[in-house]
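[1] Got a sequence here, can you build the structure:
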Amino acid sequence: MHPTAALSLILVLVLSTTAVGLIVRARSGRATHRTDGDRLSPAALGTTTPLGRSATLVQFSTEFCALCPGTRRLLHELADGEAGVGVLDVDLTHRPDLADRFAVLQTPTVLLLDRAGIVRGRFSGAARRAVLAGELRSVLGRPA
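    Residues are numbered from 1 along each chain as shown. Model (predicted):
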């Protein structure tokens, strides 16, 4: 192969890999709005901890997730600032059935449930405080 062609190929590979990485990074932590009516119970999430009275933040994590502790702290900070908001942490390390059921492809993944346990939002990757807080206020019926 001619050196110019090889360098061109390497440049194309580097640029395409960079573009894919930037797209994945930009999409991480953004909200996906859900209105499909999935109603969840603690049993469906593999826990006995009750849902919050007003809303519930459900974090799917694993033992080896580097971003999960920070996301967990953020969720608890948001919940502590709002009456009736609960936080559930679901460890998927030994529960691949739950990962399949909820289509969790990366951790952390956060579900935002309303008071009835209906999924109103989904956040994949490291969730941003402002985005989570805005979505939570919306579910609680407060101005954003």
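[2] least trustworthy helix or strand in this structure by mean pLDDT?
    Sorting the helices and strands of the chain by mean pLDDT, DSSP states H and E puts strand 31-33 at the bottom, at a mean of 53.
[3] immediately after that strand, which helix or strand?
    Of the helices and strands lying after strand 31-33 in sequence (DSSP states H and E), the nearest is strand 55-61.
[4] Pull that next one out as PDB, backbone CA atoms only.
    The C-alpha coordinates for strand 55-61 follow below in PDB (Å, rounded to 0.1, in the frame of the first residue of the first chain):
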ATOM      1  CA  ALA A  55     -41.900  10.200  42.600                       C
ATOM      2  CA  THR A  56     -39.100   7.600  42.600                       C
ATOM      3  CA  LEU A  57     -35.600   7.700  41.100                       C
ATOM      4  CA  VAL A  58     -34.400   4.200  40.300                       C
ATOM      5  CA  GLN A  59     -30.700   3.700  39.600                       C
ATOM      6  CA  PHE A  60     -29.500   0.600  37.900                       C
ATOM      7  CA  SER A  61     -25.900   0.000  38.800                       C
END
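[5] Any idea how many residues pack against Met1?
    7 (other CB atoms under 10 Å). Using the backbone N, CA and C atoms, a C-beta is placed for each residue, glycine as well.
[6] repeat for Asp89
    Counted with other CB under 10 Å, Asp89 comes out at 18.
[7] Run a quick check on it versus Cys65, I expect a contact.
    No: the pair Asp89 / Cys65 is not scored as a contact, 10.9 Å apart, by CB atoms under 8 Å.
[8] ok, now how distant is Cys7 from Thr18?
    Cys isn't right for residue 7; it's Leu. Distance, Leu7 to Thr18, by CB to CB, to the nearest Å: 16 Å.
[9] what do you get for Thr107?
    For Thr107, the distance to Thr18 - CB to CB - is 24 Å.
[10] Between the two, tell me which one has more neighbours.
    Thr107 (24 against 10).
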